[in-house]
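>>> Give the three-dimensional model of this entry:
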Amino acid sequence: MKKNIAIIMGGYSSEYQISLKSGNVVYNTLDKEKFNAYRIHIFKDKWVYVDEDDSEYPIDKNDFSFTKNNKKITFDCVFNAIHGSPGEDGFMQGYFKLLNIKHTSCGMYQAAVTFNKRDCLSILKPYGILTAESYFLNAGDTINEDEIIAKVGLPCFVKANKAGSSFGITKVHKQEDLQHAIEVAFKEDDEIIIESFLDGTEVSVGVITYKGETKVLPITEIVSENDFFDYEAKYLGKSQEITPARITKEQEEIVTKTAKKVYEVLKMKGFSRSEFIFKNNQPHLLEVNTVPGLTNESILPQQAAATGISLQELFTNAIEEALL
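Take a look at the predicted model:
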């Protein structure tokens, strides 16, 4: 009997349009002989099932169901394609945990921790995971520019602490530009992280649970045409994503080992994509994404394809792992 799969997409953050693209790729790719796929849009003002005619049916949040033609539809599993809040920060994971509904992403705690860059890096540092030098600010804190520059140096990156897709991030070359960058970051989040610039090769490493085991996918090298891997570079073609990465065998071995360690230390499940920059031949962790882009052009699907895993197989495996 075919399983009912809800593909949740949209979300509450600036990333909602990217999420809709990912979710629709999942919907169009899923094996329809194995699964009944349903598109579920999650927005602040509405949770709805969207049918083939783009008609909308409200979701009953009491049990995550909807009714169409007097027939109530419930779900065996949820495929999470929401980038940002509430799909990547633990809220949906907690909701589904309470309803005892299986889902393809990591657990509530893992989502909350990885979405909070500074908490994630703080947890991983004692395990020997290298990171950039960093300085933290909360909304309302006194901003001491001299202290910040003394800690992280120039150039530096000012980032929203809990945001993705390079929203709220600025590379600062001169101290007089720091205040504006901080204001930009605070528009996305009430916490920000300011990090030292790491000058080296940037790579993205996908790690998934595949057929019951942790699998590190082929590594992707990121070469941005812009000053860094910003929104334009990620989504508007202003970068090269080279898989496999042009790194040494030694670098490949150490970053593979490090990405797997991050996944296992955090007790992850489902998809993850970790970003690293090499400094002195050592990978320094930037962040961990638990709901990475899932279009054909996205990095993790490219990596899966490089190891012989089709998009349909990637999605099927994610559901089958969740249903175990």
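>>> for Lys72, what are its contacts?
Residues counted as contacts of Lys72 (Cβ atoms under 8 Å, 6 or more residues apart in numbering) are 65-66. Bear in mind the C-beta positions are built from the backbone N, C-alpha and C, glycine included.
>>> State the helix or strand in which it lies.
Following DSSP states H and E, one finds Lys72 within strand 71-73.
>>> Who are the contact partners of the residue positioned nearest the centre of the chain?
For the chain, the residue nearest the mean C-alpha position is Asn289 (2.9 Å; Cα atoms, centre = their mean). With contacts defined as Cβ under 8 Å, 6+ apart, the neighbours of Asn289 are 88, 114, 164, 272-275.
>>> Buried ones in the top helix by length along the chain, by neighbour count?
Longest helix of the chain, by residue count under DSSP state H: helix 249-265. Neighbour counts using 16 or more other Cβ atoms under 10 Å place 251-252, 254-256, 258-260, 262-263 of helix 249-265 among the buried residues.
>>> where exactly do the strands run in the stretch 51-200 of the chain?
Applying DSSP state E, counting those that start in this stretch to the stretch 51-200 of the chain gives strands spanning 56-58, 66-68, 71-73, 77-80, 102-103, 130-131, 134-138, 156-160, 169-172, 191-196.
>>> could you point out where the stretch 101-250 of the chain is predicted with low confidence?
For the stretch 101-250 of the chain, the stretches flagged by pLDDT under 70 are 164-166, 226-238.
>>> in it, which spans are helices?
Assigned helices in the stretch 101-250 of the chain, in chain order: 108-115, 117-124, 145-152, 178-188, 231-235, 249-265 (criterion: DSSP state H, counting those that start in this stretch).
>>> now, of those, which is deepest in the fold?
Mean neighbour count, computed with mean count of other Cβ atoms under 10 Å, is highest for helix 108-115 among the helices of the stretch 101-250 of the chain, reaching a mean of 21.
>>> So what sits opposite Glu191 in the bridge?
Following DSSP bridges, Glu191 is listed with bridge partners Asn138.
>>> try the one 4 residues further on
Following DSSP bridges, Glu195 is listed with bridge partners Ser134, Phe157.
>>> what does the helix or strand where Asn317 lies rub up against?
Secondary structure from DSSP H and E places Asn317 in helix 311-323. Contacts with helix 311-323, where a contact means Cβ under 8 Å, 6+ apart, come from 3, 5, 25-26, 29-31, 34-35, 76-77, 79, 102-104, 208-212, 269-271, 294, 296, 301, 304-305, 309.
>>> One more pass at 6 Å, please.
Residues from elsewhere that reach helix 311-323 (Cβ atoms under 6 Å, 6 or more residues apart in numbering): 26, 29-31, 77, 102-104, 209-210, 301, 304.
>>> May I see the PyMOL selection of the buried members of these?
Command for PyMOL that selects the buried part of the contacts of helix 311-323, burial taken from 16+ other Cβ under 10 Å:
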select buried, resi 26+29+30+77+102+103+104+209+210+301+304
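>>> Please produce a markdown table containing the contacts of helix 311-323, extended by distance to Asp146.
Listed next are the contacts of helix 311-323 as a markdown table, based on distance: Cβ to Cβ, whole Å:
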| residue | distance to Asp146 |
| --- | --- |
| Val26 | 48 |
| Thr29 | 52 |
| Leu30 | 54 |
| Asp31 | 58 |
| Cys77 | 53 |
| Lys102 | 51 |
| His103 | 46 |
| Thr104 | 46 |
| Thr209 | 46 |
| Tyr210 | 49 |
| Pro301 | 45 |
| Ala304 | 47 |
